[in-house]
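Novice: Take this sequence and fold it.
(2 chains)
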Amino acid sequence: MATPGNKLAFDGGWGYDPAPESTDHIDVKSRYGLFINGDFVKPEKGKYFDTINPATEDKLSRVAEASAVDVDKAVKAARAAYRGPWGRMKPAERSKYIYRIARIMQERACEFSVIESLDGGKPIRESRDVDIPLAVAHFFYYAGWADKLEYAFPGRTAKSLGVAGQIIPWNFPLLMASWKIAPALACGNTVVLKPAETTPLTAMKLAEVIADAGLPPGVVNIVTGAGAAGAAIVDHPGVDKVAFTGSTNIGRMIQKSLAGTNKRYTLELGGKAANIIFADAAIDQAVEGIVNGIFFNQGHVCCAGSRLFVQESVADEVIAKLKDRMETLIVGDPLDKNTDVGAINSTMQLDKIQSYLKIGQAEGGDMHQSSCTLPNKGYWCRPTIFTGVSQSSRVVQEEIFGPVLAIQTFRKYDEALTKANNTPYGLSGGIWTDKGSKIFNMTQKIRAGVVWANTFNKFDPTSPFGGYKESGVGREGGLHGLDAYVKLGVK
Amino acid sequence: MTVTAAKKSRRLPDLSRAPVVDEVGVNERVARFQSRSIKKSSKVEALKLILSMIDLTTLEGQDTPGKVQQLCQKAIHLHDSMPGLPHVAAICVYPTMVGVAKEALADHDIKIASVATAFPSGMSALKVKLDDARMAVKAGATEIDMVISRGNFLGGDYRYVFDEIVAVKEACGDAHLKVILETGELGTLDRVRKASMLAMSAGADFIKTSTGKIQPAATMQVTLTMLQAIRDHYRDTGRMVGMKPAGGISTSKLAIHYLVMLHETLGNAWMTPEWFRFGASSLANDVLMQLLKQSTGLYQSLDYFSKD
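Specialist: Residues are numbered from 1 along each chain as shown, chains lettered A, B, ... in the order given. Predicted coordinates:
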């Protein structure tokens, strides 16, 4: 077995020179208004707030803080567009507009990627290879559905709902905007969208794209702001449907305030996914899956594989290999093409993660972090794993939303299943085994909306996504994603 | 360790328990290596390292002493108008050409590798293969690149393949033994992993992907699988084994991707010609062209680089 003398050395020696993506080609204005009725307008109360680069703490721009009055304007604009040109438009025409948005986004993909990384802290490799292409793919996918709704729901009629109020999080800003806007438009609705307060910039760029695509004014309105603006959208009587992605706590508040109204809603909330490695798995690839599951986007992923269950007989090997792999993760400048783990999105989130690191250690967990050096400025957290934790540990139970993995071992199949399901969440899960029957058996019994087998964090516009239990209500993506934006009737 | 002790410690592992390899996952990992951006001084450093890791190879029926002599000159004088260049690691030739190479490389610290054991098919009797290897060593080869008996391996006769490697290793004496798995004939990464384990436990100093005579030759997927086998062997036994991808690596860009993969899989200890080689015939000139471009900013015509 492994001895200390047989350790691999990854530090020193040949390294990679900085390879930063250029920021010359991007256009970020010093100030952004609210995108209402096809124009950027000043907020009624004249308030703006800073959006900063979490990797440097430098100010990037100022964006408007929407009040209830602004939200009201946006909803009214959306209503007028719904009653007017958009509502009357033939589905095939609607489809053309959505395609046009997709194509313009695709042309400006590089600019979107850089701004996404600047504003949110995620590595350019991810915004370039995952976020932006997927966001574009969602528009392309749903553009195709716009004139085919009768085939999506055979024997039924599908009518649009009206005005959709949509509130999205900061972890995948543009991607979440696309998940929300594309199906809403395809089904004939109009939209009021609020991006997260720490990551509003790509939504502002999307507003420019929407204007350039020539959408009738008011079809898509984007209002920036904090919780109060979100609440104003949820509570507005002119909103027919609320779509929210974010924390379970806020989701609960939204559900409460929607109780007793006619508003439809979908909620994509938190998660604490189990990633289960069986002894017969392809171990080296499983280790990659663990890394991809928890360190992708600094662990700011609601479906992150934040609980690892490893079968006892391979636990030592898996953990040793995971520690080696963590040493090769490059943490730093999000704009560097070689960066694997970027900056934590905000100082608030960093505080939260750090408090969990303390909790985990106080609970008796054995904490291990990669030995990388961190930049002096900005918000950073080393890739972290906890061993020696149990189902009763808070770092196992609660969503940390950071690059922190809680590792437990199991002996038997049933034990893994019981522990995996022993959580109030149920958004995703992962199984690693060479045996097909085990995959099918396990995936049927794990109570989660998405279960990956021998891979993790794979997304596609055609595939539905959503949670069980406290991870949410409703599905987004795929055919199922249309259902959230239509009223079905009998033919 | 004495030779007998080393021999005794050689044991055929239970290959039915060999780790499995997931090809989809391997492809994804390889794509990550390929997305690394290697620029400026790290690129120059990499290019020089690549040059120093090359086994400059000619393995053709039409080889002549003259051609081998020319290749040896190239090995010593890669591109003398550019100062500070290393020389390649070794010359790789057929056994009959070893003597020529030895003479041409006299006084230079360049290894002489010879393919042996009825290369490239390995379709001959053990006795013939051992004589082949001994002849090459006697003529001055310091490294022997043997091929495994793929027919026996694919037929499940691991014992035969294992014993054969042990015997060739013994015939090599002090010469280093590189064991060619000919992964293009093995078909799956699971088999590549098994063959790697088998070769390392039989005493291979290096494991090598291909003869260059079968397509596909070296791929990053196959090489990653072998590097991971080397890492696990090291973890279990403390013995380092070298790696040599061969065939099909003809551009600097691809070679740099291999270095990135080596760097992130086995770490610094393997980043030397002692533990990693490229078996290639045309890679050197492309690397030289890139190096020159790094210093002058211009690509030179290939006519400025000697073709041997």
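Novice: For the residue in the stretch 101-250 of chain B positioned nearest to chain A, what are phi and psi?
Specialist: Closest contact between the stretch 101-250 of chain B and chain A, by Cβ to the nearest Cβ, is at B:Arg235 (4.4 Å). Using the backbone N, CA and C atoms, a C-beta is placed for each residue, glycine as well. Main-chain dihedrals, B:Arg235, degrees, to the nearest 10: phi -60, psi -40.
Novice: For A:Glu476, give the beta-bridge partners.
Specialist: A:Phe465 (DSSP bridges).
Novice: my guess is it meets A:Pro183, correct?
Specialist: Yes: shown here, A:Glu476 and A:Pro183 form a contact pair, counting by Cβ atoms under 8 Å, at 7.3 Å.
Novice: More neighbours: which of those two?
Specialist: A:Pro183 (30 against 26; other Cβ atoms under 10 Å in any protein chain shown).
Novice: residue contacts, that one?
Specialist: A:Tyr142, A:Trp145, A:Glu476, A:Gly481, A:Leu482, A:Ala484, A:Tyr485 (Cβ atoms under 8 Å, 6 or more residues apart in numbering or on different chains).
Novice: Chain B: which of those residues is nearest?
Specialist: The nearest one, if we look at the contacts of A:Pro183 relative to chain B and count by Cβ to the nearest Cβ, is A:Glu476, at 24.8 Å.
Novice: Now do the contacts for the closest one.
Specialist: A:Trp179, A:Lys180, A:Pro183, A:Ala243, A:Thr266, A:Glu268, A:Pro464, A:Phe465, A:Gly466, A:Ala484.
Novice: How about the residue of chain B found nearest chain A: what's its closest non-neighbour residue?
Specialist: The nearest approach of chain B to chain A comes at B:Gly25, 2.9 Å away (Cβ to the nearest Cβ). Of all residues not flanking B:Gly25 in the chain, A:Gln285 sits nearest, at 2.9 Å (Cβ to Cβ, 6 or more residues apart in numbering or on different chains).
Novice: Now do the contacts for whatever residue of chain A ends up closest to chain B.
Specialist: Nearest residue of chain A to chain B, counting by Cβ to the nearest Cβ: A:Gln285, 2.9 Å away. A:Gln285 sits next to A:Trp432, A:Asn454, B:Val21, B:Asp22, B:Val24, B:Gly25, B:Val26, B:Arg29 when contact means Cβ under 8 Å, 6+ apart.
Novice: gap between it and A:Lys321?
Specialist: 11 Å (Cβ to Cβ, to the nearest Å).
Novice: Could you tell me how many residues sit around B:Gly184?
Specialist: Residues lying near B:Gly184 (other Cβ under 10 Å) number 21.
Novice: Surely it and B:Ser210 touch.
Specialist: Yes: using Cβ under 8 Å, B:Gly184 makes contact with B:Ser210 at a distance of 5.9 Å.
Novice: Now the common contact residues for these two.
Specialist: B:Pro216, B:Ala217.
Novice: Which residues of chain A lie near chain B?
Specialist: A:1-3, A:5-6, A:8-19, A:125, A:129, A:280-286, A:288-289, A:320, A:328, A:337-338, A:434, A:454-455 (Cβ under 8 Å from any Cβ of the partner chain).
Novice: In this structure A:Ser471 contacts A:Arg447, no?
Specialist: No: shown here, A:Ser471 and A:Arg447 do not form a contact pair, counting by Cβ under 8 Å, at 9.6 Å.
Novice: Quick check: neighbours shared by those two?
Specialist: A:Gly426.
Novice: what about those two, which has more around it?
Specialist: A:Ser471 (28 against 16).
Novice: Could you list the low-pLDDT ranges of the chain?
Specialist: If you meant another chain, say so; for now it's chain A. A:1-5 (pLDDT under 70).
Novice: oops, chain B please
Specialist: B:1-9.
Novice: which residues in it form strands?
Specialist: Here chain B has its strands, by DSSP state E, at B:54-57, B:90-93, B:111-115, B:143-147, B:176-180, B:206-208, B:242-244, B:278-280.
Novice: Need the contact partners of the fifth one.
Specialist: Defining contact as Cβ under 8 Å, 6+ apart, one finds that strand B:176-180 is touched by B:113, B:115, B:119, B:142-148, B:165, B:168-169, B:199, B:202-211, B:242, B:244, B:246.
Novice: at 6 Å what do you get?
Specialist: Contact with strand B:176-180 is made by B:143-147, B:165, B:169, B:199, B:204-208, B:211, B:244, as judged by Cβ atoms under 6 Å, 6 or more residues apart in numbering or on different chains.
Novice: go on, stretch B:65-78?
Specialist: Applying Cβ under 6 Å, 6+ apart, the set of residues contacting stretch B:65-78 is B:56, B:58, B:85, B:87-88, B:91, B:93, B:97, B:100-101, B:104-105, B:108, B:110, B:306, B:308.
Novice: Just give me how far it sits from the chain centre.
Specialist: Its chain's C-alpha centre lies 19 Å from the corresponding centre of stretch B:65-78 when counted by Cα atoms, centre = their mean, to the nearest Å.
Novice: what comes up buried for that stretch?
Specialist: Buried residues in stretch B:65-78, counted by 16 or more other Cβ atoms under 10 Å in any protein chain shown: B:Lys67, B:Val68, B:Gln69, B:Gln70, B:Leu71, B:Cys72, B:Lys74, B:Ala75, B:Ile76, B:Leu78.
Novice: residues contacting A:Trp84?
Specialist: For residue A:84 the amino acid is Gly, not Trp. By Cβ under 6 Å, 6+ apart, A:Gly84 has no neighbours at all.
Novice: quick one, phi/psi of it?
Specialist: Taking degrees, to the nearest 10, you get phi -90, psi -120 for the backbone angles of A:Gly84.
Novice: Can I get stretch B:100-113 as PDB, trimmed to CA atoms?
Specialist: Taking Å, rounded to 0.1, in the frame of the first residue of the first chain, the C-alpha atoms of stretch B:100-113 are listed here in PDB:
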ATOM      1  CA  VAL B 100      26.400   2.000 -36.600                       C
ATOM      2  CA  ALA B 101      24.700   4.200 -34.100                       C
ATOM      3  CA  LYS B 102      27.200   3.300 -31.400                       C
ATOM      4  CA  GLU B 103      30.100   4.400 -33.500                       C
ATOM      5  CA  ALA B 104      28.300   7.600 -34.600                       C
ATOM      6  CA  LEU B 105      27.400   8.500 -31.100                       C
ATOM      7  CA  ALA B 106      30.700   7.700 -29.500                       C
ATOM      8  CA  ASP B 107      31.500  10.100 -26.600                       C
ATOM      9  CA  HIS B 108      28.000  11.500 -26.500                       C
ATOM     10  CA  ASP B 109      25.600  11.000 -23.700                       C
ATOM     11  CA  ILE B 110      22.800   9.800 -26.100                       C
ATOM     12  CA  LYS B 111      21.300   6.500 -25.400                       C
ATOM     13  CA  ILE B 112      21.000   3.800 -28.000                       C
ATOM     14  CA  ALA B 113      17.600   2.100 -28.000                       C
END
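Novice: Which residues outside that stretch are in contact with it?
Specialist: By Cβ under 6 Å, 6+ apart, the residues outside stretch B:100-113 that reach it are B:55, B:65, B:68-69, B:72, B:75-76, B:87, B:90-93, B:98, B:140-143, B:145.
Novice: Repeat that for stretch A:304-317.
Specialist: A:272-279, A:290, A:293-294, A:318, A:405-411, A:416, A:430, A:456.
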